[in-house]
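Engineer: Dropping the sequence and predicted coords here.
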Amino acid sequence: MRNVDAAGLGIGDDYPPRIMGVLNVSKESPYKPSVFDDAGEAAEYVDRELIDEGADIVDVGLESANKKFEVLSAEDELDRLDTAIEVVESVSGDAVFSIETRYHEVAEAALDANFDMVNDICGFADPKMPEVCDARDAAVAKMASPPDLERPGAVEDVDDIYEALKLNGITDKTIVDPAFGGWSEAKTLEDDRETFERLREFRGFGQPILVSINRKNFLRDVAGRSTEEALPVSLAATSMAVERGAHVVRTHDVAETRDAALIGKRFARRRVREAGDVDVEELDVTSVSEARRHVDRVGGDADAARHATTRVFELTGLDSEEKGALRAAATETTLVLVEGDDGTSLLAVGTPVAFENTATAVGGVSGALDAALERITESSR
């Protein structure tokens, strides 16, 4: 996993989770406590409510990305940029300042002023965006999006989200964002939940991951909470996201999110980074699809992913004939069987390939065993 230096702030596995607080200078933004049109008041808010509460990064939005509103042009955003620059100049605290935009012209002007990084909500739909960031050695968060400057984050299927993040490449300092939230009418809460469940797959880019899940509908719906009541579900998801590999959490609730992120980091998988002259990293892989992302990244044979994970299943209720068939198949398929002393349960340990080959070898012995192995092979993929 590549670490990214964002104006001196380290982001990646080797660093604590980073908290991105939010400031909006867009009157149409729905979260009113973060919206300001007076630079002095905005600077006070940033110091008091964001930096003092633990924000490492302050993300300044020039317009709402809500699909209900008309998209501003680059010229419109540039008109608002002066206020954002004035805010940055007026802040007394220390943080990395990020400009949220979809246009390279705005990113260029912001980086040439007092901003440190870019949050591109259209995922390099503007093909000049990576050039601008690369030329200024700036970190850039790249949110998955269709190749359309008017449709940020409107990708539903997880595989398509992954492919969207490949659009127009990735700079050395790119942070990938799988784009949680209702960016289109077609995108459902289940789409977001599946993306969250498969969050580890985005580690396959080898780049840090940003998540923006604060009080999102796909979490609120689980607990039946309103936006105002949704902080607890956001914090639970924050810990899970960091444990699954997220490095930056974008939020309006800075202090609470920081604490939740630190818990997630503390109980995340330990990854070995150095071993003498050889760097060693244990990849965070729990499924075939997660393994496949890493295999693709190094240009390997996709079938190797089916050998990359080991699963353990406990089977109970097998009769002696069924157990015998499994034992015979295991000698040929590398499946490992562990039988309990009481004779009622059996542990089956192996790769997806081992389970598939075993299912083929014992097919027809009994309908119950066939059904059990079919369920196992489905869940092992």
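Structural biologist: Great, that's in hand. Only a predicted model underlies this, so the values are computations on that prediction, with no experimental measurement involved. Numbering: from 1, shown residues only.

Engineer: Pull out the buried residues from stretch 171-184.
Structural biologist: Residues of stretch 171-184 classed as buried: 171, 173-184 (neighbour count, 16 or more other CB atoms under 10 Å). C-beta coordinates here come from the backbone N, C-alpha and C atoms, glycine included.

Engineer: where does the stretch 251-381 of the chain dip in pLDDT?
Structural biologist: Where the stretch 251-381 of the chain drops to pLDDT under 70, the residues are 275, 380-381.

Engineer: hey, where'd the strands end up in it?
Structural biologist: For the stretch 251-381 of the chain, applying DSSP state E, counting those that start in this stretch gives strands covering 311-316, 336-339, 345-350.

Engineer: So which of those strands is the most surrounded?
Structural biologist: Across the strands of the stretch 251-381 of the chain, averaging neighbours per residue (mean count of other CB atoms under 10 Å) puts strand 345-350 on top, at a mean of 18.

Engineer: strands paired with that one, and their directions?
Structural biologist: Here strand 345-350 has these sheet partners by DSSP bridges: strand 311-316 (antiparallel), strand 336-339 (antiparallel).

Engineer: which strands and helices sit next to the lengthiest helix in the chain?
Structural biologist: Longest helix of the chain, by residue count under DSSP state H: helix 74-90. When contacts are defined as 3 or more CB pairs under 8 Å, 6 or more residues apart in numbering; DSSP states H and E, helix 74-90 packs onto helix 39-45, strand 57-61, strand 96-101, helix 104-112.

Engineer: Okay, buried residues for the last one please.
Structural biologist: Of all the residues in helix 104-112, those buried under the rule 16+ other CB under 10 Å are 104, 105, 106, 107, 108, 109, 110, 111.

Engineer: going on from that helix, what's the next piece of helix or strand?
Structural biologist: Beyond helix 104-112 on the C-terminal side, the first helix or strand identified by DSSP states H and E is strand 117-120.

Engineer: residues in contact with that following strand?
Structural biologist: 6-7, 57, 59, 96-102, 107, 110-111, 126, 129, 132-133, 138-143 (CB atoms under 8 Å, 6 or more residues apart in numbering).

Engineer: and this protein, what are its domains?
Structural biologist: Following automatic domain parsing, the chain resolves into domains at 4-266, 279-309, 310-380.

Engineer: got JSON lines for the ones you listed, with distance to residue 272 too?
Structural biologist: JSON lines is the format used below for those (distance: least, CB to CB, whole Å):
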{"stretch": "domain 4-266", "distance to residue 272": "11"}
{"stretch": "domain 279-309", "distance to residue 272": "5"}
{"stretch": "domain 310-380", "distance to residue 272": "19"}
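
Engineer: Most tightly packed of those domains?
Structural biologist: By mean count of other CB under 10 Å, the domains of the chain have domain 4-266 as the most buried, with a mean of 20.

Engineer: gap between that one and the chain center?
Structural biologist: Distance, stretch centre to chain centre, for domain 4-266: 11 Å (CA atoms, centre = their mean, to the nearest Å).

Engineer: First-to-last residue distance for that domain?
Structural biologist: Terminal residues of domain 4-266 lie 20 Å apart, using CA to CA, to the nearest Å.

Engineer: same thing with stretch 194-214?
Structural biologist: 17 Å.

Engineer: and what of stretch 38-54?
Structural biologist: 23 Å.

Engineer: can you list contacts of that stretch?
Structural biologist: 19, 21-23, 25, 33-34, 36, 58, 83, 86-87, 90-95, 254-255, 258.

Engineer: do stretch 310-330 as well
Structural biologist: Residues contacting stretch 310-330 (CB under 8 Å, 6+ apart): 335-337, 339, 344-352, 355, 357-358, 361-362, 365-366, 368-369, 372, 376, 379-380.

Engineer: Perfect, I'm done here.
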